[in-house]
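*Asks:* Got a predicted model here, sequence first, then my questions.
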Amino acid sequence: MILNNRSALLQYGLMSAILLASPAFAQTVSPNPAETQAGESVTEIIVTARKRAEVLQDVPLSISAVSGTILEQQNIQDVNGLYAQVPGLFTAPGSVNNTNDLAYLTMRGIGFNAGLEPAVGVFIDGMYQPQIGFDTAFLDVERIEVLRGPQGTLFGRNTQGGAVNIVSHKPGDQARGRLGLDVGSFRTVRAKAALDGQIADGLYAGISAGFARSDGYIDNDILDQHQNKYEQRAVRGVLRWLPAEPLELTLIADSSHSDYNEMVRGVRLAGDHKRSQIDQDEPDAKTNHGVQLNAVYTINDALTLTSITGYRYSDSDNYADMDSRITAMGTETLPAYAPLTTLPVVVRGAFLAAQVDQTFKSQELRLEGTGEKLNWLAGAYYFTQAQNQTRQREVGPRVAVTLPASLYIYDDYRDEREGHAVFGQASYRPVARLELTAGLRYSREDVDGTGQRVSVFGAPVNRTQPLLRDGHPSFDNISWMGSASWKLTQDMQVYATYAQGWKAGGVERYPGQATNLNYKEETSDNYEIGLKSTLFDRRLTLNLAAYHIDIRNQQMNNVIPDPRGGPVPITVIDTASRSHVNGVEGEIGLRPSRNLEFGGAFSYSDGVLDDFVRAFSATDIFDMSGKAFENVPKLTLAATMLYRHELSARMGLEAFAEYRFVDDITFQDNTRRSFARDQLTAPDYDRVNVSLTLAMKEEGLRVTGYVNNLFDSFDYSYVSSDPLLGGDVFVVPLAPREVGVRVSKSF
């Protein structure tokens, strides 16, 4: 870890205080100022992580909760904005290109380079969100619950690394509305509106909408355009009906569409960091919409039956300049290859276009029982998922002297996945201070991966290489968890947990050869001990956890030379036989007075490959055993401070400051001229954001001026080399200093 001069003193000071006080530091989830009690203590936060309402500090899990107020205060727009703020949570970029479709949420390093299905599940109001739809915009969110570690005995699917549970505001008797407008640097505009309330006896409705646009902070003089601009529109509607006392029906529908230009490879590290040299580009787009019906039937005071029925459709269209530089623009016409191409293909420059559409349907049934000493749930889950993936990769003549000929590679693949599961969990309290929990899950998934690919080369090679993709594996698993917690005092408890994690295997996403298409299932053993405490008359909240994870057959994207001799690298899904993670993490919230709050987050996750060999060819082999995980940082750190000052009984000021640190990240150097041992590193970075808010309480009006990246540091999150020539290093810069004003009105 390298510390820059500006932040070294602050980081050493923070780390010294943390390590002297405890083995881990944590992030504040500041209470809602509107909910803060008249005294100086921290407000209790209610969560439903275990499918029942509980005080956050009473739940013997490593769990964070972020309120809708904090999302607004810190201007968090989607799940990606939670990294570093929530211990262990990070967004790992794709191994080939830094595009949304290939990015994955990771937890404690798990899922750092996932194959096709994510290891961290995202759920909105109980429904699982498929891979390319997890970054949906936040609209009228009440809170976000982040559970670390396997949660398969509580949730429907894909929670080997953890679960992100997004809980939306539920319309009720009282009419409620909210308007928000944010105007900032780079011609950035964000607007949100929400309205809900009762429309008839027992019938409630809510609607929320959002719009966002920006020109971005990278300019392209070659194409005369803003390179990382975006525009997003989203809407969400809720209809809640209580036809009879024991039954509650909630119908939820949402839709969003984004038009944008991803940087993908970014800008030259050695050049102008605000200028792009992309010479081929087309707009990118993503659509995401769905509908779900949640039905809750209260059988009696002790039994509740819940049904969640859902449908979601997502599609994306990405276009990427493969080398992000000015290239020779000669043309060559190559012959058609039916049915992938029906006409001859004119190749020019170097680009990659990819389209993905995904349909997801699921049904969950859950029966929950509550009692004085025993709480339990039993559930069944079923889903179907269909995904179509097409890609067109073209390289024209004279793009690179290292290429033997111009070419095009077309892929047309289909994946269908069907699965079902039964799961259950029970918590028993034999005495007031002791809670024992056990859970069991059975899962089965059947996969069909079909389609074809062709590589067509021009002169002097004049060769066609077709490939048929046809894999039909099935996977099943039985996993279990057990935990025990003991309340040392009314406000302090310790817990220990063992949980097994599982993620099904599948069929190579973009294979380069017809053999070895199927990849193995991934399993893990997770050991955790933790402390949850509320101290000093509830002015201090301190939660700590330490964990060890053993992983078998860890699924990883690996970019290797084409084994059939093609000039463009291919992506395969390898499995590391054994790997492990050791880590510590925590959260802290401190309220020394009614006007001042401190908090922070700390996560140290040391992931190591124990048995993995990266093989590019029979002679180019590198033993990765003992190497750290790629694509994720070991250390993340966040600290916040909020100070309130009353100007009058109706008006007050709120000063907010936030610090984030992200450790260095290692990436595979995946060019056609790379060796198996080659890696690149993005250095650590830190950022400071500040804001000042004028709050008019009776009017429900808040006016906030903010500065993000206060010191205007140059940082980047992804690094790669020229994929065709090697040598030149490209980076994806994070935003420079941003200045703006947010206005919100509640009524």
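*Replies:* That came in fine, so what should we check first?

*Asks:* mind listing the helices for the chain?
*Replies:* 5-21, 68-73 (DSSP state H).

*Asks:* Could you tell me the least trusted of those helices?
*Replies:* For these, mean pLDDT drops lowest on helix 5-21, to a mean of 41.

*Asks:* what pLDDT does the residue of the chain most remote from its centre get?
*Replies:* Farthest-out residue of the chain from its mean C-alpha position, per CA atoms, centre = their mean: residue 460, at 45.1 Å. Model confidence at residue 460, given as pLDDT, is 91.

*Asks:* From what I see, it and residue 397 are in contact.
*Replies:* No - using CB atoms under 8 Å, residue 460 is not in contact with residue 397; the gap is 11.3 Å. Where you see a C-beta, it was placed from the backbone N, CA and C, and this is true even at glycine.

*Asks:* which residues are common contacts for these two?
*Replies:* With CB atoms under 8 Å, 6 or more residues apart in numbering applied, the contact sets of residue 460 and residue 397 do not overlap.

*Asks:* what's the residue farthest from the centre of the chain sitting at in phi/psi?
*Replies:* phi -90, psi 0 (degrees, to the nearest 10).

*Asks:* Quick check: the gap between it and residue 345.
*Replies:* 18 Å (CB to CB, to the nearest Å).

*Asks:* Grab the CA positions of stretch 107-126 and hand them over as CSV.
*Replies:* Taking Å, rounded to 0.1, in the frame of the first residue of the first chain, the C-alpha atoms of stretch 107-126 are listed here in CSV:
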residue,chain,number,x,y,z
MET,A,107,-18.0,-9.3,-0.7
ARG,A,108,-14.9,-10.0,1.3
GLY,A,109,-13.2,-10.7,-2.0
ILE,A,110,-15.7,-13.4,-2.9
GLY,A,111,-16.8,-13.0,-6.6
PHE,A,112,-13.7,-10.9,-7.5
ASN,A,113,-13.6,-12.4,-11.0
ALA,A,114,-16.9,-14.3,-11.3
GLY,A,115,-17.6,-16.6,-14.3
LEU,A,116,-21.1,-15.8,-15.4
GLU,A,117,-23.4,-15.7,-12.3
PRO,A,118,-22.5,-13.3,-9.4
ALA,A,119,-21.6,-14.4,-6.0
VAL,A,120,-23.3,-11.5,-4.2
GLY,A,121,-27.1,-11.4,-4.6
VAL,A,122,-29.0,-8.1,-5.0
PHE,A,123,-32.7,-8.2,-3.8
ILE,A,124,-35.2,-5.4,-4.2
ASP,A,125,-38.2,-5.9,-1.9
GLY,A,126,-37.4,-9.6,-1.7
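
*Asks:* what ranges of the stretch 1-150 of the chain fall below the confidence cut-off?
*Replies:* Applying pLDDT under 70 to the stretch 1-150 of the chain flags the ranges 1-44, 94-98, 101, 113-116, 132-136.

*Asks:* Let me know how buried residue 282 is, in neighbour terms.
*Replies:* 13 (other CB atoms under 10 Å).

*Asks:* Equivalent analysis for the one 3 residues further on, please.
*Replies:* Residues near residue 285, counting by other CB under 10 Å, number 16.

*Asks:* Touching, it and residue 256? I think so.
*Replies:* No - look at residue 285 against residue 256 with CB under 8 Å: they stay out of range, at 11.3 Å.

*Asks:* Which helix or strand in this protein has the lowest average pLDDT?
*Replies:* helix 5-21 (a mean of 41; mean pLDDT, DSSP states H and E).

*Asks:* The residue lying closest to residue 199 once chain neighbours are set aside bridge partners, please.
*Replies:* What sits nearest to residue 199 in space, not counting adjacent residues and going by CB to CB, 6 or more residues apart in numbering, is residue 205, at 5.1 Å. In this entry, residue 205 is beta-bridged to residue 197, residue 239, by DSSP bridges.

*Asks:* which residues touch residue 205?
*Replies:* Contacts of residue 205 (CB under 8 Å, 6+ apart): 171, 196, 197, 199, 237, 238, 239, 240.

*Asks:* could you flag which of the residues you listed are buried?
*Replies:* Buried members of those, counted by 16 or more other CB atoms under 10 Å: 171, 196, 237, 238, 239, 240.

*Asks:* Roughly how far does the fourth one sit from residue 311?
*Replies:* Counting by CB to CB, the gap from residue 238 to residue 311 is 16 Å.

*Asks:* go on, the second one?
*Replies:* Remark: distance between residue 196 and residue 311 (CB to CB) = 23 Å.

*Asks:* what do you get for residue 200?
*Replies:* In terms of CB to CB, residue 200 sits 26 Å off from residue 311.

*Asks:* And residue 630, by the same measure?
*Replies:* 35 Å.

*Asks:* neighbour-wise, which of these two wins?
*Replies:* residue 630 (21 against 15).

*Asks:* Could you give the bridge partners of the nearest residue to that one once chain neighbours are set aside?
*Replies:* If the residues on either side of it in the chain are set aside, residue 630 comes closest to residue 666, at 5.1 Å by CB to CB, 6+ apart. Applying DSSP bridges to residue 666 gives these bridge partners: residue 681.

*Asks:* and residue 666, how many neighbours?
*Replies:* Neighbour number of residue 666 under other CB under 10 Å is 18.

*Asks:* Endpoint to endpoint, stretch 218-231 covers what distance?
*Replies:* By CA to CA, to the nearest Å, the extent of stretch 218-231 from end to end equals 15 Å.

*Asks:* where are the low-confidence patches of the stretch 501-650 of the chain?
*Replies:* Looking at the stretch 501-650 of the chain by pLDDT under 70, you get 514, 563-568.

*Asks:* can you pull out the strands in it?
*Replies:* 506-507, 518-519, 522-535, 540-560, 570-593, 596-611, 613-615, 621-623, 635-646 (DSSP state E, counting those that start in this stretch).

*Asks:* And those: which comes nearest residue 709?
*Replies:* Each of the strands of the stretch 501-650 of the chain has some distance to residue 709 by CB to CB; the shortest is strand 635-646, at 14.6 Å.

*Asks:* ok and that closest one relative to strand 570-593, angle-wise?
*Replies:* 40 degrees (axes from the mean of the first three to the mean of the last three CA atoms, to 10 degrees).

*Asks:* From the chain's centroid, how far away is strand 635-646?
*Replies:* The chain centroid and the centroid of strand 635-646 are separated by 23 Å, computed with CA atoms, centre = their mean, to the nearest Å.

*Asks:* Kindly export that strand (C-alpha atoms) in CSV.
*Replies:* Output in CSV follows, covering the C-alpha atoms of strand 635-646 (Å, rounded to 0.1, in the frame of the first residue of the first chain):
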residue,chain,number,x,y,z
LEU,A,635,-8.1,-2.5,2.5
THR,A,636,-10.9,0.0,2.3
LEU,A,637,-11.5,2.8,4.8
ALA,A,638,-14.2,5.4,5.2
ALA,A,639,-14.8,8.1,7.8
THR,A,640,-17.6,10.7,8.2
MET,A,641,-18.4,13.7,10.3
LEU,A,642,-21.7,15.5,10.6
TYR,A,643,-22.2,18.7,12.6
ARG,A,644,-25.5,20.4,13.1
HIS,A,645,-26.0,23.9,14.2
GLU,A,646,-29.4,25.4,15.0
